[in-house]
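[1] Kindly generate the corresponding structure for this input.
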Amino acid sequence: MNVKIINGVSIPNIPWQDKPEGCFDVIWRYDANPVIDRDHLPGYSNSIFNSAVVPFEGGFAGVFRVDDRSRNMELHAGFSKDGLNWEIDPKRIEFVSDIPDMQEFQYGYDPRVCWIEDRFYVTWCNAYGWKPTIGVAYTYDFKTFHQIENAYLPFNRNGVLFPRRIGGNYMMMSRPSDSGHTPFGDIYVSQSPDMTYWGKHRHMMGPSMGWESTKIGAGPIPIETDRGWLIFYHGVLTSCNGYVYSFSAALLDKDEPWKVLKRGREYLISPQKPYECIGDVQNVTFPCANLVDADTGRIAIYYGCADTCTSLCFTTVDDVMAWLDTHSQV
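    This next block holds a predicted model:
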């Protein structure tokens, strides 16, 4: 490894498949995609996608977006020994809270899960008055989830925490939006001393290149390296046939992560396979989680496909960083 991973963990059983012979891509797909089909919960799930996975007790745990057959958007917990074969709870997460005015669950989607200090924090697009904002909860065991205050006023999406305090504060990326599908969007970084009061909002970056010319949004939890924070983020192009969701990478300053050091001028993954192009929403590749093995630098990325199913792709920290060094728009 040329790039050092900071505060990483060893994941010897990380899902992995070597790069196929003759492949010139920086990120390559698992050849048995999708890993979670839309009907993984028989008779219940319409689709399972845009979900978050983390190492847990020698295996893996996750929070999954499950849209049921009434098309309610729900969050479900799940466990796996190998990160490929999943047992997902057929009942949605019932958040508990000691906040008297906490609104009952209306809908939730596109979760992220981040280990910080002594617990796993879950962020997701949460309904407040049926309008989207960033919900926040924490869990120790993926069985009981304690909901705390929403991070922001509506409207907001793609809330992604950094995995440690920076300058004494928690930090979160988000994309202010509107009540619809938001035909615009930049990424901002906000700070909090206590995971309740969020402020010091800083603009990180907005749409730039053609593949991301409509809007962008944060993806999985940032990866801390000796060169800065490595992130994957999604970008959206508005075509004559609708939105096209692809994703790329960027490198952020270690101490002031709203400062972009490098940013891919091309996408790394775009909708090209049938399971990415055909589904409830065509042409979507949407990353929500990455597993990173600190010993080898291997990265396994879970991404939603066509708002229908969940797939895996692979790369390494060295490969992505080398690509950014030669393909950056900054």
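[2] Please make it C-alpha for all contacts and neighbour counts, starting now.
    Noted.
[3] Work out the gap between stretch 284-296 and the centre of the chain.
    On the basis of CA atoms, centre = their mean, to the nearest Å, stretch 284-296 sits 9 Å off its chain's mean C-alpha point.
[4] What are the contacting residues of stretch 63-82?
    Residues from elsewhere that reach stretch 63-82, judged by CA atoms under 8 Å, 6 or more residues apart in numbering: 13-15, 44-53, 58-62, 86-93, 107-113, 142-143.
[5] Would you mark the buried spots in it?
    63-68, 73-81 (16 or more other CA atoms under 10 Å).
[6] picking that back up, now intersect the contacts of stretch 63-82 with the helices, please.
    Within the contacts of stretch 63-82, no residue falls in helices by DSSP state H.
[7] What subset of those is buried?
    By 16+ other CA under 10 Å, the contacts of stretch 63-82 give 14-15, 44-53, 60-62, 86, 88-89, 92-93, 107-113, 142 as buried.
[8] OK, contacts around Gln106?
    Asn126, Ala127, Tyr128, Trp130.
[9] I'd like the distance between it and Asp253.
    Separation of Gln106 from Asp253 (CA to CA, to the nearest Å): 37 Å.
[10] from what I can see Asp295 touches Asn13, true?
    No - counting by CA atoms under 8 Å, Asp295 stays clear of Asn13, with 11.5 Å between them.
[11] Can you get me the start-to-end distance on stretch 101-110?
    Stretch 101-110 has its terminal residues 24 Å apart, counting by CA to CA.
[12] Which members of the contacts of Gln106 occur in strands, if any?
    Cross-referencing those against strands under DSSP state E gives Asn126, Ala127, Tyr128.
[13] ok, the residue lying closest to Thr196 once chain neighbours are set aside - contacts?
    Of all residues not flanking Thr196 in the chain, Glu149 sits nearest, at 6.0 Å (CA to CA, 6 or more residues apart in numbering). By CA under 8 Å, 6+ apart, the residues touching Glu149 are Met102, Gly135, Val136, Thr196.
[14] for Glu149, helix, strand, or coil?
    coil (DSSP: H, G, I helix; E, B strand; the rest coil).
[15] do the same with Trp323
    Per three-state DSSP, Trp323 ends up helix.
[16] Can you get me a residue count around it?
    16 (other CA atoms under 10 Å).
[17] Surely it is in contact with Phe24?
    No - the criterion here is CA under 8 Å, and Trp323 misses it with Phe24 at 11.5 Å.
[18] Buried among the contacts of Glu149? Make that a ChimeraX selection.
    Only the buried entries of the contacts of Glu149 go into this ChimeraX selection, using 16+ other CA under 10 Å:
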select :135,136
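[19] Most widely separated two among the contacts of Glu149?
    Met102 and Thr196 (13.3 Å; CA to CA).
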